[in-house]
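In: Predicted model and sequence below, questions to follow.
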Amino acid sequence: STVNNRGLVVLPYVKNLSEALRRIFGTYGVQTCFKPSWTLRQWLVAPKDKTPKEQRCGVIYHIQCAGQTNRGPCTETYIGETERALKTRFSEHKRPSSTTSEVSQHIHIESPGHSVTLDKVHIPDPEQDHPARGVKEAIHTRAPQPSLNRDGGRFRPSAAPDSLPTTSRLRPPGKQPA
């Protein structure tokens, strides 16, 4: 028996997952087509220069302490978010007079001699939208539970699963969003 054609769905191609989805949709009579998630043009053409990391706004950022302990490199980390330029927020974390920054407390009071550097800051997710950025910060802090994040951020996703998918898993290796 043949199943009536009930439409068409176009999905980005993801190895192994796409083939399974095609079989599932096919059983319901839905035709599937796949498009590449990254085209050759996207890989090769950059119409404008990338914004330097320190000038990027609306980002979630990950700071790793560069200090040394008697057991090796310091493992203290912090994940935060900022609407302003990363350099502006980072300089606030480094300021000795900052009483609200967990990073400042760590490098100036709890572990004198430890430091953080802007070139070691990682941006796991850019996000311009303020509410969405708060949610993404909560997701990024939930799994690794950074040691210097004491307040938990703006959102606390208590009902969220422990292994949430992130958009970075769908990007080709080494390819970061603009």
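Out: Okay, I see it.

In: Name the next helix or strand downstream of the helix or strand bottoming out on mean pLDDT in the chain, please.
Out: Least confident element among the helices and strands of the chain, by mean pLDDT, DSSP states H and E: helix 40-44 (a mean of 77). Helices and strands here follow DSSP states H and E; after helix 40-44, the next one along the chain is strand 59-64.

In: List the pairing partners of that next one within its sheet, with orientation.
Out: In the sheet, strand 59-64 lines up against strand 77-82 (antiparallel), strand 122-126 (antiparallel) (DSSP bridges).

In: who touches that strand?
Out: 76-82, 86, 89-90, 93, 103, 116, 120-127, 133, 136-137, 140, 146, 148 (CB atoms under 8 Å, 6 or more residues apart in numbering). All C-beta spots, glycine's among them, are computed from the backbone N, C-alpha and C.

In: Just the buried residues of these.
Out: Buried members of the contacts of strand 59-64, scored by 16 or more other CB atoms under 10 Å, are 76-82, 86, 89-90, 93, 103, 116, 121, 124-127, 133, 136-137, 140, 146, 148.

In: Can you tell me which helices and strands the top helix by length along the chain packs against?
Out: For the chain, the helix that runs over the most residues, judged by DSSP state H, is helix 130-142. If contacts are counted by 3 or more CB pairs under 8 Å, 6 or more residues apart in numbering; DSSP states H and E, helix 130-142 sits against strand 59-64, strand 77-82, strand 122-126.

In: how about low-confidence regions in the chain?
Out: Residue ranges of the chain with pLDDT under 70: 1-5, 152-153, 155-178.

In: mind redoing it with 80?
Out: Along the chain, the parts satisfying pLDDT under 80 run over 1-6, 14, 36-43, 46-47, 142-144, 150-178.

In: Just grab the bridge partners of residue 82 for me.
Out: According to DSSP bridges, beta-bridge pairing links residue 82 with residue 59.

In: Isn't it up against residue 89?
Out: Yes. Contact criterion CB atoms under 8 Å: residue 82 and residue 89 qualify, at 4.0 Å.

In: Grab the nearest non-local neighbour of residue 57.
Out: residue 85 (5.5 Å; CB to CB, 6 or more residues apart in numbering).

In: Any chance of the backbone angles for the one you found?
Out: phi -60, psi 140 (degrees, to the nearest 10).

In: dump the residue contacts of it.
Out: So residue 85 contacts 54-57 (CB under 8 Å, 6+ apart).

In: Closest one of those residues to residue 109?
Out: Checking these against residue 109 with CB to CB, the nearest one is residue 54 at 25.4 Å.

In: mind checking how far that closest one is from residue 83?
Out: Using CB to CB, to the nearest Å, residue 54 is found at 15 Å from residue 83.

In: Most neighbours among the contacts of residue 85, which one is it?
Out: Greatest neighbour count in these, by other CB atoms under 10 Å, goes to residue 56: 18 neighbours.
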